[in-house]
Each structure stands twice: as structure tokens, then as C-alpha cells.
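Peer 1: Quick check, what structure comes out for this input:
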Amino acid sequence: TFAVAQPTDTGSYTCVVSNPAGAVTSAAATLTVTREFAGTYFGTIDGGRGVWALFVRPDRVATYVAFLNNPRAGVIVTLAIGADGRFRSTGTLVTTQAGNPRFPGRTIAAASAPLTLSGSIGATTVGGSLVELGVRFSGTQDGPGGEPPVGSGLFEAVSGATKTFAVVGNSGRTVLALTV
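Peer 2: Modelled structure (predicted):
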């Protein structure tokens, strides 16, 4: 009997029934227990280099959205979470090349480059690395997993050539990133 089955309970099991007349053992049955990863996770990039969010749907398809301080860049990666919680995928790093001193906050030019995201999800934590940048990230789940409440989730807006991605957690915490 399992009160709450865990992935470590996966295996082959038999049932033994006995009474004063004897005992019978059933044929083996296989139990497979998979983790539920759905939910929103938030964290930081080591060295104070930025913040990130990961939105995982119930089908284990996820979107990683990050904003880096140095280099000043946005990261968007769509990935699949394996049954063991591991992931590895390539997305886009969009880096601001220069600012216009006459119009602070405006971008003169931006460059895009591929970026590999690699990591894993634990019971309530996420950790991994942005491979080409050589930096690690870590964080935790924002509230309980499963279906997110209304108003939370992954949002995408398009204006001309610019796409804005936002991940809003169960608590209202939000991370935004832009691609050009």
C-alpha cells in the first residue's frame, strides 16, 4: 500500500494471498510513477546577472524567459521536460548592442544568438546553466503545481518585429523579456 506513490516506487510488484489452505502469488505487475512538473518557477542567475521564470504546462512543454543585466539581454527558450525532470534545448539570446544617449532606454541595434539551456527540476526547485554564457541559474516553484490560477501563466505580445514574453506566477510575480 502506498499513501502517496513516488517515482522511486516505480518497479515490478506481486501480490501474495494466503489462507489456511495455502498461498498464491500473482503474476508481476509493473508500476510506473511519473512526476508532475506543471507550474511556474522563478529564480536568479548567479552573480546577480539576472532573473528568470519557467512556465511548465501539464504536458511538460515549458518556456524559459530570462532578463540578463550583463550582457543586457533577453532569453527565450521553449523546451520539453523529460520524465526525470531534465531538460536541454536551444533558444535565443537577444543582446542590446548600444543605447542612444539622446533617448535613454531606446535601442539603436540588437543582435540575436543561439543559446543552450540545460538543467533539471527537483521536487520544488530548478537548477541549470546557460551553456554559452557559462552561468548557472537556480530557483523554486511559485506556489503549488498543477493548473495555474486565472491571470497567471505565459503571455506573448507582438508589436511589429518585437515580441514580448511574460511569465506571471501564482503569486503575481512576473518576468518579462523581449526579442527583436
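
Peer 1: Report the beta-bridge partners for residue 114.
Peer 2: With DSSP bridges applied, residue 114 shows beta-bridge pairing to residue 92.

Peer 1: contacting residues for it?
Peer 2: By CB atoms under 8 Å, 6 or more residues apart in numbering, residue 114 lies in contact with 90-93, 132. Backbone N, C-alpha and C define where each C-beta goes, glycine included.

Peer 1: contacting residues for residue 177?
Peer 2: 65-67, 74-76, 94, 164-165.

Peer 1: Report the secondary structure element holding it.
Peer 2: Assessed by DSSP states H and E, residue 177 sits inside strand 174-179.

Peer 1: so residue 34 makes contact with residue 85?
Peer 2: No. Using CB atoms under 8 Å, residue 34 is not in contact with residue 85; the gap is 10.0 Å.

Peer 1: Which of these two has more residues huddled nearby?
Peer 2: Per other CB atoms under 10 Å, whichever of residue 34 and residue 85 has more neighbours is residue 85, with 17 against 11.

Peer 1: hang on, isn't the more buried one packed against residue 123?
Peer 2: No. Using CB under 8 Å, residue 85 is not in contact with residue 123, being 9.2 Å away.

Peer 1: Tell me the secondary structure of the residue nearest the centre of the chain, please.
Peer 2: Centroid check for the chain by CA atoms, centre = their mean gives residue 54 as the closest residue, at 3.6 Å. Under DSSP: H, G, I helix; E, B strand; the rest coil, the three-state class of residue 54 is strand.

Peer 1: Can you name the residues that contact it?
Peer 2: 40-42, 62-65, 126, 139, 167.

Peer 1: Which members of these are the farthest-apart pair?
Peer 2: 63 and 139 (14.6 Å; CB to CB).

Peer 1: Enumerate every residue touching residue 49.
Peer 2: Counted by CB under 8 Å, 6+ apart, residue 49 has contacts 68-70, 135.

Peer 1: Among the residues you listed, find the lowest-pLDDT one for me.
Peer 2: pLDDT across the contacts of residue 49 is at its lowest for residue 70, which sits at 76.

Peer 1: which ones are touching it?
Peer 2: Contacts of residue 70 (CB under 8 Å, 6+ apart): residue 49.

Peer 1: Residue 125 now?
Peer 2: So residue 125 contacts 138-141 (CB under 8 Å, 6+ apart).

Peer 1: Repeat that for residue 169.
Peer 2: 40, 42, 53, 142-143, 148, 152.

Peer 1: Grab the nearest non-local neighbour of it.
Peer 2: Nearest non-adjacent residue to residue 169, counting by CB to CB, 6 or more residues apart in numbering: residue 142, 3.5 Å away.

Peer 1: Many thanks, I have nothing further to ask.
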